[in-house]
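**Q** curious how this folds, go ahead:
(one chain, ligands or ions: 1)
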Amino acid sequence: MSESVQSGVRPGNGVRSGDDVHEHHGGFPVFTPVQAGPNYGEFVESLRRLQDLAVSTHLPDDVVDDAIARVNALSDMLEPHRVSEGKSPAGFNRQLPGRGSLLLLPWLFEKVEVDGIRSRGVFRLFHRGGNSAAHGGTIGLLFDDMLGMIVYASGHPIARTAYLHVNYRQVTPLETELVLEGRVDRVEGRKLFCTAELRDLDGTVLADCEALMIELLPGQP
Ligand SMILES: CCCCCCCCCCCCCC(=O)SCCNC(=O)CCNC(=O)[C@H](O)C(C)(C)COP(=O)(O)OP(=O)(O)OC[C@H]1O[C@@H](n2cnc3c(N)ncnc32)[C@H](O)[C@@H]1OP(=O)(O)O
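**A** Numbers count the residues shown, from 1 in each chain. Below is the predicted model:
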């Protein structure tokens, strides 16, 4: 397999040896993963802190005006460095929480293997739904993102989520370390049936999901 990979995807430990399935990812463009610089993780974490504060403060108008000016100044500083998809380290750096993406939950992988993945992290204040619980959509986001990694780790080409059925079993707390485990349960042609569970550190299942991932055909977006 060449250094260039599609969507930054690279087989995990123990993926079928000599298999070139990762060269065939439907219509996904070929990306060469961009390595994050030494301070990139801190940069993304600073932005997460900003988002936490944006949803958990009640600011006087003059502070709002000052914040707008400063955030705009920061954006103006970043603007000249805008690049197209696949040219930013965001989302491609597995050693960083949320792979260095501001969209994704700031979780880290503990295990990425053919038989499944395990990831650990917290829901942040800016993921709040109501009454100190994680927003249900952010739980779906976590599962959907992990499904991509489950498929990748299992050695299958890129697949898209055809359906994702989430069972919300318990209220999911914010700012509390949690664990997610998931795997491909069975394969029928292009159809990968996956399951995953989100648990607290006592082992209580907070949410689980069942999903159908479908391997993309050549040219499929
Ligand atoms: C650092 C490393 C990073 C790595 C991270 C990894 C990044 C990964 C990035 C990737 C991120 C990935 C995550 C995301 O993208 S998640 C984004 C959300 N998902 C999408 O946008 C997908 C949109 N949908 C589609 O593109 C198409 O519908 C797909 C491609 C899914 C299938 O359309 P296609 O035309 O190809 O297939 P088909 O319709 O002939 O169906 C084929 C078979 O499947 C069965 N079927 C279909 N749908 C359903 C359903 N809902 N329930 C039950 N069954 C269903 C169907 O009956 C048939 O079965 P059979 O008759 O053959 O038995």
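**Q** just checking, residue 107 touches residue 98?
**A** Yes. The criterion here is Cβ atoms under 8 Å, and residue 107 meets it with residue 98 at 6.3 Å. For the C-beta atoms, the positions are set from N, CA and C on the backbone; glycine is no exception.
**Q** what's the overlap in contacts for these two?
**A** residue 121 (Cβ atoms under 8 Å, 6 or more residues apart in numbering).
**Q** could you measure from the residue of the chain most remote from its centre over to the ligand?
**A** Here the chain reaches farthest from its C-alpha mean at residue 62, the gap being 35.9 Å by Cα atoms, centre = their mean. According to Cβ to the nearest ligand atom, to the nearest Å, residue 62 stands 42 Å off from the ligand.
**Q** would you list the phi and psi of that residue?
**A** phi -70, psi -30 (degrees, to the nearest 10).
**Q** residue 68 belongs to a helix, doesn't it?
**A** Yes. Assessed with DSSP: H, G, I helix; E, B strand; the rest coil, residue 68 lies in a helix.
**Q** ranges for the helices of this structure?
**A** 40-54, 61-78, 136-154 (DSSP state H).
**Q** what angle do the shortest one and helix 61-78 make?
**A** Using axes from the mean of the first three to the mean of the last three Cα atoms, to 10 degrees, one finds that helix 40-54 and helix 61-78 are set 160 degrees apart in direction.
**Q** what's in contact with helix 40-54?
**A** Counting by Cβ under 8 Å, 6+ apart, 89-90, 93, 96-98, 100-102, 106, 124-126 sit against helix 40-54.
**Q** let me know the distance separating the residue farthest from the centre of the chain from residue 74.
**A** 19 Å (Cβ to Cβ, to the nearest Å).
**Q** need the residues of the chain near the ligand, please.
**A** Residues of the chain lying near the ligand by Cβ under 6 Å from any ligand atom: 7-9, 92, 94, 99, 144, 148-149, 152, 158, 160-163, 191, 212, 214, 216-217, 220.
**Q** in strands, which of these appear?
**A** 160-163, 191, 212, 214 (DSSP state E).
**Q** whichever of those end up buried, select them in PyMOL.
**A** Per 16 or more other Cβ atoms under 10 Å, the buried members of those correspond to this PyMOL selection:
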select buried, resi 160+161+212+214
